[in-house]
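*Asks:* kindly return the folded structure for what I paste below:
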Amino acid sequence: MSLRIYIALAIFLIFNSCSNSKEVKYDSLKNKDDAFQIYKEGLKAFNINDFNFASEKFDKAELSFESPKFAARSAIMSAYSLYAINFYEEAEENLNRYLKNYPGDKNVVYAHYLLAIIQFEQIGDEKYDLKPLIKTRKKIDFFLENYPNTEYAIDLKFKQSLLQNQFAAKELYIAKYYISVQKWIPAINRLKLIVEKYNETVFIEEALHRLVEINFHIGLENEANKYAAILGYNYNTSKWFEMSYKVLNKDYKKILKKDKKVKEKGLFKKITEMIK
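*Replies:* Presented below is the predicted three-dimensional model:
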């Protein structure tokens, strides 16, 4: 089940209870029939994925309801409808307004979750601005700190790990740029960040290899050997370890050739022994 279907199902189950006016007992509303009728029209459009029309109806319903409870439901339904058609900025504005106007509503947790999702879905690749990554991390960290035991926390913990990969990818992209223009110190600093802060990401192996490569190139062989040792201890079957081994061993090809001859000689000996 895709994330959007999951969210749509969750929000539908949360708010569908007020789609039937018979179940709602609120008698002090001046325009009761109008407010619920408008909400029903919004919900009908929502259920057939006409989210633009649904948002308009939910906005109108929010203004029509005198009950904060139902106005809050209308507000968050409108925000989700905007999110569903990728109107991220408008959805975020609606959610922030909802949190400001209805801080005691029972669906505040969901609103914070949706804000985090909106930020996460706007992350570009490693070539683009770092600001969306930082903003997303703040939103996810806020949620996990304040609502760690909710069902939404499981999803955001997974996204938090994906976010770490994005940060590492960004640092590696910048490091490679510095390497291309022979700015060795800035490149080393970026790569060290990956080793220190993002060592559980998929980019750690390449970062270690680049540190071997740069340090060897500028004559810091002890440093190169240090990072090669870390790479070899943890990832000795990876292509990056093999590449680092080539950097540190000028006779790498000769060694391979010698090993090959030894293996061939051993195989020949075994065959001759078998046919004696």
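
*Asks:* for residue 52, which non-adjacent residue is spatially closest?
*Replies:* Ranked by CB to CB, 6 or more residues apart in numbering and with sequence neighbours excluded, the top spatial neighbour of residue 52 is residue 85, at 6.0 Å. C-beta coordinates here come from the backbone N, C-alpha and C atoms, glycine included.

*Asks:* what of residue 116?
*Replies:* Counting by CB to CB, 6+ apart, the residue nearest residue 116 is residue 139, at 4.2 Å.

*Asks:* so what's the one you found up against?
*Replies:* Going by CB atoms under 8 Å, 6 or more residues apart in numbering, residue 139 touches 112, 115-116, 119-120.

*Asks:* and for residue 135?
*Replies:* Per CB under 8 Å, 6+ apart, neighbours of residue 135: residue 119.

*Asks:* where's it, which helix or strand?
*Replies:* Assigned by DSSP states H and E, residue 135 falls within helix 131-146.

*Asks:* distance from that helix to the middle of the chain?
*Replies:* Chain-centre distance of helix 131-146: 10 Å, with CA atoms, centre = their mean, to the nearest Å.

*Asks:* next one: stretch 194-208
*Replies:* 17 Å.

*Asks:* next, the buried residues of the helix ranked longest in the chain.
*Replies:* In the chain, taking DSSP state H as the definition, the longest helix is helix 151-180. Neighbour-count burial for helix 151-180 flags 152-153, 155-156, 159-160, 163-164, 166-172, 174-175, 178-179 (criterion: 16 or more other CB atoms under 10 Å).

*Asks:* with stretch 111-125 instead?
*Replies:* In stretch 111-125, counting by 16+ other CB under 10 Å, buried: 111-120, 123.

*Asks:* same check on stretch 86-100?
*Replies:* 87, 90-92, 94-95, 98-99.

*Asks:* before we move on, back to that, now render the buried residues of stretch 111-125 as JSON lines, adding pLDDT, secondary structure and distance to residue 103.
*Replies:* Shown next, in JSON lines, are the buried residues of stretch 111-125 (pLDDT from 0 to 100; DSSP: H, G, I helix; E, B strand; the rest coil; distance: CB to CB, whole Å):
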{"residue": "111", "pLDDT": "96", "secondary structure": "helix", "distance to residue 103": "10"}
{"residue": "112", "pLDDT": "96", "secondary structure": "helix", "distance to residue 103": "11"}
{"residue": "113", "pLDDT": "96", "secondary structure": "helix", "distance to residue 103": "16"}
{"residue": "114", "pLDDT": "96", "secondary structure": "helix", "distance to residue 103": "16"}
{"residue": "115", "pLDDT": "96", "secondary structure": "helix", "distance to residue 103": "14"}
{"residue": "116", "pLDDT": "95", "secondary structure": "helix", "distance to residue 103": "18"}
{"residue": "117", "pLDDT": "95", "secondary structure": "helix", "distance to residue 103": "20"}
{"residue": "118", "pLDDT": "94", "secondary structure": "helix", "distance to residue 103": "19"}
{"residue": "119", "pLDDT": "91", "secondary structure": "helix", "distance to residue 103": "21"}
{"residue": "120", "pLDDT": "92", "secondary structure": "helix", "distance to residue 103": "24"}
{"residue": "123", "pLDDT": "84", "secondary structure": "coil", "distance to residue 103": "28"}
